[in-house]
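Engineer: Next come a sequence and a model predicted from it.
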Amino acid sequence: MSKQTESLITSEQELLTPAASWTSPYSSPETMTLMRKLEAREWRQRYRQKTQDVGAMQARAWWMETIDQIEKKRGKEAATELRYWMNQEK
(Lines give C-alpha, C1' and ligand atoms only; values in the text may rest on other atoms or scores of the structure.)
Protein backbone atom coordinates (compact mmCIF):
# COMPACT_ATOMS: atom_id res chain seq x y z
CA MET A 1 0.00 0.00 0.00
CA SER A 2 1.39 3.40 -0.91
CA LYS A 3 1.93 6.12 1.66
CA GLN A 4 -0.73 8.30 0.02
CA THR A 5 -3.38 5.55 0.14
CA GLU A 6 -2.47 4.74 3.73
CA SER A 7 -2.88 8.38 4.79
CA LEU A 8 -6.29 8.57 3.06
CA ILE A 9 -7.51 5.48 4.88
CA THR A 10 -6.28 6.86 8.19
CA SER A 11 -8.02 10.20 7.66
CA GLU A 12 -11.30 8.47 6.70
CA GLN A 13 -11.13 6.36 9.86
CA GLU A 14 -10.57 9.49 11.94
CA LEU A 15 -13.70 11.04 10.42
CA LEU A 16 -15.80 8.00 11.28
CA THR A 17 -14.55 7.82 14.86
CA PRO A 18 -16.58 9.99 17.27
CA ALA A 19 -14.67 12.69 19.07
CA ALA A 20 -12.97 11.27 22.13
CA SER A 21 -14.58 13.88 24.35
CA TRP A 22 -18.08 12.94 23.12
CA THR A 23 -17.97 9.27 24.06
CA SER A 24 -19.76 9.96 27.35
CA PRO A 25 -23.48 10.79 27.18
CA TYR A 26 -22.83 13.91 29.28
CA SER A 27 -20.10 15.43 27.14
CA SER A 28 -21.99 16.87 24.18
CA PRO A 29 -22.20 20.69 24.26
CA GLU A 30 -26.01 20.66 24.27
CA THR A 31 -26.17 18.29 27.23
CA MET A 32 -23.59 20.29 29.19
CA THR A 33 -25.51 23.52 28.57
CA LEU A 34 -28.73 21.89 29.73
CA MET A 35 -27.03 20.57 32.87
CA ARG A 36 -25.62 24.01 33.67
CA LYS A 37 -29.06 25.58 33.25
CA LEU A 38 -30.63 22.95 35.50
CA GLU A 39 -27.99 23.50 38.17
CA ALA A 40 -28.55 27.27 38.02
CA ARG A 41 -32.30 26.79 38.34
CA GLU A 42 -31.80 24.54 41.36
CA TRP A 43 -29.53 27.08 43.11
CA ARG A 44 -32.06 29.86 42.44
CA GLN A 45 -34.78 27.73 44.01
CA ARG A 46 -32.59 27.02 47.04
CA TYR A 47 -31.84 30.73 47.41
CA ARG A 48 -35.54 31.66 47.21
CA GLN A 49 -36.39 29.03 49.80
CA LYS A 50 -33.60 30.27 52.06
CA THR A 51 -34.92 33.86 51.86
CA GLN A 52 -38.33 32.63 52.93
CA ASP A 53 -36.90 30.56 55.79
CA VAL A 54 -34.29 32.88 57.29
CA GLY A 55 -34.69 36.25 55.61
CA ALA A 56 -32.91 38.09 52.81
CA MET A 57 -29.80 39.15 54.74
CA GLN A 58 -28.99 35.69 56.09
CA ALA A 59 -29.81 34.13 52.72
CA ARG A 60 -27.37 36.52 51.05
CA ALA A 61 -24.64 35.58 53.57
CA TRP A 62 -25.40 31.89 52.98
CA TRP A 63 -25.15 32.38 49.22
CA MET A 64 -21.82 34.22 49.43
CA GLU A 65 -20.40 31.39 51.53
CA THR A 66 -21.79 28.78 49.13
CA ILE A 67 -20.42 30.47 46.00
CA ASP A 68 -17.01 30.79 47.71
CA GLN A 69 -17.03 27.04 48.39
CA ILE A 70 -17.99 26.34 44.76
CA GLU A 71 -15.15 28.61 43.63
CA LYS A 72 -12.65 26.74 45.83
CA LYS A 73 -13.80 23.33 44.61
CA ARG A 74 -14.39 24.02 40.91
CA GLY A 75 -12.51 27.24 40.23
CA LYS A 76 -13.38 30.86 39.64
CA GLU A 77 -14.50 30.26 36.06
CA ALA A 78 -17.10 27.68 37.15
CA ALA A 79 -18.46 30.00 39.84
CA THR A 80 -18.70 32.87 37.36
CA GLU A 81 -20.44 30.62 34.86
CA LEU A 82 -22.93 29.48 37.50
CA ARG A 83 -23.74 33.10 38.31
CA TYR A 84 -24.17 33.81 34.60
CA TRP A 85 -26.65 30.95 34.13
CA MET A 86 -28.50 31.93 37.29
CA ASN A 87 -28.96 35.43 35.90
CA GLN A 88 -30.14 33.97 32.59
CA GLU A 89 -32.83 31.98 34.41
CA LYS A 90 -34.54 35.15 35.72
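Structural biologist: Structure's in. What do you need?

Engineer: Could you pull up the residues touching the residue nearest the centre of the chain?
Structural biologist: Closest residue to the average C-alpha location of the chain: Arg36 at 4.3 Å, with C-alpha atoms, centre = their mean. For Arg36, the contacting residues are Glu81, Leu82, Trp85, by C-beta atoms under 8 Å, 6 or more residues apart in numbering. Quick note: C-beta positions are derived from backbone N, CA and C, even for glycine.

Engineer: Recalculate using a threshold of 10 Å.
Structural biologist: By C-beta atoms under 10 Å, 6 or more residues apart in numbering, the contact set of Arg36 is Ala78, Glu81, Leu82, Tyr84, Trp85, Met86, Gln88.

Engineer: how far away is the last one from Thr33?
Structural biologist: Same thing as Gln88. Gln88 is 11 Å from Thr33, where distance means C-beta to C-beta, to the nearest Å.

Engineer: And for the third one?
Structural biologist: Here Leu82 is placed at a distance of 13 Å from Thr33 (C-beta to C-beta).

Engineer: more neighbours, the two?
Structural biologist: Taking neighbours as other C-beta atoms under 10 Å, Leu82 and Thr33 compare with Leu82 leading, 18 against 11.

Engineer: Any buried residues in the helix or strand hosting that one, and which?
Structural biologist: Element membership for Leu82, per DSSP states H and E: helix 76-88. Neighbour-count burial for helix 76-88 flags Ala79, Leu82, Trp85, Met86 (criterion: 16 or more other C-beta atoms under 10 Å).
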